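Q: how does the following fold in three dimensions:
(chains A and B)
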Amino acid sequence: MELSFEEGTLVLREIDPADSPPPEFDWDPRRDVYRAQALDYRAVVTRLRGSGIDYTDSAKDYHQVAFDRVDPQAPREYQAAAIEAWAENGNRGITVLPTGSGKSLVGVMAISRIGRSTLVVAPTIDLMNQWYDLLCEAFADVPVGLMGGGYHEIRELTVATYHSAYLHVEQWGNRFGLIIFDEVHHLPGPQFSHAAEMCLAPYRLGLTATLERPDGRHQLLDRLVGPVSYRQEIQELAGEYLASYRVERREVQMVAEERVAYRVAEAEYRSFLRAKNVTTGSAAGWQEFVRLSGSSAEGRRAMKAYREHRRIALGAAAKFEVLESILKTHSRDRVIIFTQDNETVYQISRALLIPAITHQTRTRERREILRKFNRGDYLAVLTSKVLNEGVNVPEANVAVVLSGSATIREHVQRLGRILRPREGKRAVLYEVVTKGTMEKEVSRRRRQHSAYASAAGGQTSGQTSGPADDEQEWGDGPAGARADAS
Amino acid sequence: MLTLDLLRTRIRGDCIEPRYVDTGSGRHRKLAAALIEIYAAHGDCRRGELDEALSRHSGDRVDYRIQRGLAKLLFDDHCDFGVVAALPPEQLRERVFAVAHSYHPVVREPDLFHVADRGLVIAEAGESCGLSGEQVEEGLYADLAQNHRLVSFQPPSPQQLLNRYNVALAQAMLYRCREIEVTIDPDHRARHRQLFSAIKFNRLIHTVTRERGGKGFRVVLDGPVSMFRHSQRYGVRMAVFLPALLQCRRWQLTAVIPEKSTAARGRSPRGEKETVAKAAVIARRFELDERTGLVSHYPERPQYDSSVEEVFARRFERLKSDWALERESEFIDFKDAVMIPDFTFRHADGSTALLEIVGYWRPEYLSRKLAKLQQAKRSDMIVAVSQVLNVSRDELGKLPGEVVFFKNRLDPAGVLERLEQMRSAGSLNPGISS
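A: Residues are numbered from 1 along each chain as shown, chains lettered A, B, ... in the order given. Prediction:
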């Protein structure tokens, strides 16, 4: 029989009447062939080998490649343990390590160990670029391909974004023996999961700091990538390998006009919701609000008011003053400033002439800004959400969170920025909150995460989150609704 | 095409459909005309200004999503934007931030320790490249999408815009579908070939059957992985395919649309936690046919000349043979393509045979087609090949299957002779199974 790869699936042809197709295959009457999911390639081949059935494998199109590391740095104990556990698990599975602990080195070791054409998939273009840099340095003579951010070149070693990997899986699904999913918690979405199902790579590695998803879909990862083969939580590593850090909180007052505008906007949308008997505590409530806002002029005004009150709280003018004073205090430190939205990023960038990185920043300029920041040619960098995951700014030792949503994942990753280990490094995280607004609630929830509790000197996380409230669902409502395929 | 957030739907029972606009309504025409006017009035303006004007126009309107949909179609299909700056903005920023770094941190009120405010930095950076402070300010972030300038605008008519909008709504419905089912009427031929080539072009998989009770074809479209899991992966391809279907006559489309979050929608807030937890996927039906009145924005493709077929049919009828002639009433499923032969011959004794007339062709196309026919083991098929093209018969000599050549007109007597030969050779089935 002949095994081939077609449009992201495995197809079996020329079956000897004496043999029966492996159970992974189903008859596809639409095309009169036996078809299986590409994901089952490993199981199928193992079975065929064991059965002694004569078969031709025209499916796989990946190769043995000598990925020799240049000047390999010795892995830390937990990195070595992680790769060993993964290997023992048959070279598949997930490694959970905190941000800043060197997850990508585990990936580099896996690439070198397996020695087959490899694809690395990362959630953002920025992370894709970071992997690109890392792999170029780790395997000096190997040309590294890119899929995403305007590039489409598939090489023996390639880095892609989840989005591009999903879009083009029919093209590359048989060209890699090893696939590494960075920030693997992005993978199990209904769309992105196609990328794992429609490729035949027998060896798979997932990396993440935050495995669990609110929707529970991380359970699908077992089939898509493999089980968790190694796990270390943040507290076990803090102090040993990560820079220790302290948290400082700055409260600012809204200026009088802002306060008035805030109250007016708040009163407007709240009274609307009260009149419509909508409770503000859940995704369902948010959807109801969105629906109402589309069906009457009154609702539309209420939605505008909601956005307005949120905007005022997140961008209070006094925050600029606080930021200025922090920059004065840390005039020789490397400061990275986070804000909620791009508008604020560019507002501050123009006002204080600090370089900004957003999703609109092009690859080359972005790399240049980060390079200058790490070299000390820039002492401050501004960003919205784009630097949230694993971007390499080892020199940063001060982080300022000007405003943000309360999702725990985002906050852990923000902390991760300044946790990169270095001799004698002591990092500070400033959290700037507007007094008397819904932002305080965001901050409270943020602090419930264990990383924060320990850093903030054992501040308890006693208030467990009861019913999900306002910001958790609402703050992310519109963005979350875009889904992963957008 | 529209994004999903611009899709407005209406649910009736287990059916879902977009809220189409009435293209004849004065209100919508006025809205379309107003938007086109706003675009036209913003030549050379920044995109941010255009967006603001659009937002002012929408005000508190409940139909703001219609407006945003129309505006997006104008933006995507009728505009060009560009960056306007004295120096490439990236270079400007590099200068400005380098100067700013030398005074870090830049403050709003300079003092003994922090001597530079932004005005000083901007001026110094400008001087270094011969630009005024204003030019620096202007160009600093001219490459941000919001600062792009509207360079040119080719306005559609309000009617065109509204037509396009309705099609775009139907397309957006299909983004989330798992499969679509299309029924087509064989009497309205001509477009079927284009239809199947559009299916193939969009890499969809078809399953063709006869319509139960009717004489039409039922075509189910999905993709390779659809047999393993519910997949919305092919939805965008279905959407791209749709305008090709709109150009057919007498058709019907049904799509299954999974609705994720509707379980939580429109229920009382009480007990909503459970509702959300149980928000299992509900599948709804989306139906579309020619009476929906969607107008394809594809240009009418020229009908290929079918006079050869018409003349042949007329002349064949005149022979008064035992064979009845039917047009495009059968299909041959090659699995990766579908062929609908031009004619079916039905003999009084129940035998049937097929005829395909090939008027324009390239040799590779022809041999591929004939090889496929052989592969499909159709011994009941005659292929009539025009010799209008200057290809010698020798070159075609190697072709497999029943091939008849003709010059200007296909001779019905010759075809009849061939039919009788096939019948007596026993190569025809008493009735074609499909």
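
Q: contacting residues for the closest residue in space to B:G235 that isn't next to it in sequence?
A: Of all residues not flanking B:G235 in the chain, B:Y175 sits nearest, at 4.3 Å (CB to CB, 6 or more residues apart in numbering or on different chains). For every residue, glycine as well, the C-beta is placed using N, CA and C. When contacts are counted by CB atoms under 8 Å, 6 or more residues apart in numbering or on different chains, B:Y175 touches B:L4, B:Q232, B:G235, B:V236, B:A239.

Q: now render those as JSON lines, adding pLDDT and secondary structure.
A: As requested, the contacts of B:Y175 are arranged in JSON lines below (pLDDT from 0 to 100; DSSP: H, G, I helix; E, B strand; the rest coil):
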{"residue": "B:L4", "pLDDT": "89", "secondary structure": "helix"}
{"residue": "B:Q232", "pLDDT": "88", "secondary structure": "coil"}
{"residue": "B:G235", "pLDDT": "93", "secondary structure": "helix"}
{"residue": "B:V236", "pLDDT": "93", "secondary structure": "helix"}
{"residue": "B:A239", "pLDDT": "95", "secondary structure": "helix"}
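
Q: closest to chain A among the residues you listed?
A: When these are compared for distance to chain A (CB to the nearest CB), B:Q232 comes out closest, at 7.0 Å.

Q: how many neighbours does the spatially closest residue to that closest one that is not a sequence neighbour have?
A: Spatial nearest neighbour of B:Q232, excluding adjacent residues (CB to CB, 6+ apart): B:R176 at 5.3 Å. B:R176 has 22 neighbouring residues, counting by other CB atoms under 10 Å in any protein chain shown.

Q: wait, B:R176 sits on B:H230?
A: No. If you go by CB atoms under 8 Å, B:R176 and B:H230 don't touch, sitting 10.7 Å apart.

Q: common neighbours of these two, please.
A: Shared between the contact lists of B:R176 and B:H230 (criterion: CB under 8 Å, 6+ apart) are residues B:P258.

Q: what sits against B:L120?
A: Residues near B:L120 by CB under 8 Å, 6+ apart: B:Y103, B:P110.

Q: just the one 5 residues further on next, same as before
A: Contacts were defined as CB under 8 Å, 6+ apart; by that measure B:A125 touches B:L92, B:R95, B:V96, B:A98, B:V99, B:V136.

Q: and it, how far is that from B:E94?
A: For B:A125, the distance to B:E94 (CB to CB, to the nearest Å) stands at 9 Å.

Q: and if you look at B:M173?
A: Using CB to CB, we find B:M173 at a distance of 47 Å from B:E94.

Q: who has more neighbours, these two?
A: Between B:M173 and B:E94, counted using other CB under 10 Å, the more crowded position is B:M173 (24 against 18).

Q: that one contacts B:Y20, doesn't it?
A: No. Using CB under 8 Å, B:M173 is not in contact with B:Y20, being 10.6 Å away.

Q: quick one, grab the pLDDT at the residue nearest to B:Q232.
A: With respect to pLDDT, B:R176 has a value of 88.

Q: so who does it touch?
A: By CB under 8 Å, 6+ apart, the contact set of B:R176 is B:L4, B:Q232, B:G235, B:I257, B:P258.

Q: again with A:F67
A: A:I111, A:S112, A:G115, A:T118, A:F139, A:V142, A:L157.

Q: and the longest helix belonging to chain A, how far out from the chain's middle?
A: In terms of residue count, the longest helix belonging to chain A (DSSP state H) is helix A:256-275. Here the centre of mass of C-alpha atoms in helix A:256-275, compared against the chain's by CA atoms, centre = their mean, to the nearest Å, lies 34 Å away.

Q: following the chain past it, name the next helix or strand.
A: helix A:283-293 (DSSP states H and E).

Q: give me the element the closest residue to chain B within the stretch 101-250 of chain A is part of.
A: Relative to chain B, the nearest point of the stretch 101-250 of chain A is A:H194 (5.6 Å; CB to the nearest CB). Remark: A:H194 resides in helix A:193-197, with elements defined by DSSP H and E.

Q: and that helix, what does it pack onto?
A: Applying 3 or more CB pairs under 8 Å, 6 or more residues apart in numbering or on different chains; DSSP states H and E, one finds that helix A:193-197 makes contact with helix A:162-172, helix A:221-224.

Q: can you tell me what sits against the shortest one?
A: If I follow you right, that is helix A:221-224. Against helix A:221-224 from outside (CB under 8 Å, 6+ apart): A:L39, A:I94, A:V184, A:L187, A:P188, A:S193, A:A196, A:E197, A:R204, A:G206, A:L211.

Q: cool, the longest one as well?
A: Under the contact criterion CB under 8 Å, 6+ apart, helix A:162-172 has outside partners A:7-8, A:119, A:121-123, A:147-148, A:152, A:154, A:158, A:160, A:186-187, A:191-192, A:194-195, A:198-199, A:484-485, B:203.

Q: going through those residues, which ones are buried?
A: Neighbour counting with 16 or more other CB atoms under 10 Å in any protein chain shown marks A:7-8, A:119, A:121-123, A:147-148, A:154, A:158, A:160, A:186-187, A:191-192, A:194-195, A:198-199, A:484-485 as buried within these.

Q: out of the residues you listed, name the ones that lie in strands.
A: A:L119, A:V121, A:A122, A:M147, A:G148, A:T158, A:A160 (DSSP state E).

Q: so where's chain B shaky on pLDDT?
A: Scanning chain B for pLDDT under 70 picks out B:186-191, B:214, B:260-281, B:299-306, B:360-361, B:388-401, B:429-434.

Q: quick check: buried residues in the biggest helix by length in it?
A: If you go by DSSP H, chain B has its longest helix at helix B:158-175. Buried residues in helix B:158-175, defined by neighbour count with 16+ other CB under 10 Å: B:158, B:160-175.

Q: just stretch B:151-158 next, same as before
A: For stretch B:151-158, by 16+ other CB under 10 Å, it's B:F153, B:P155, B:P156, B:P158.
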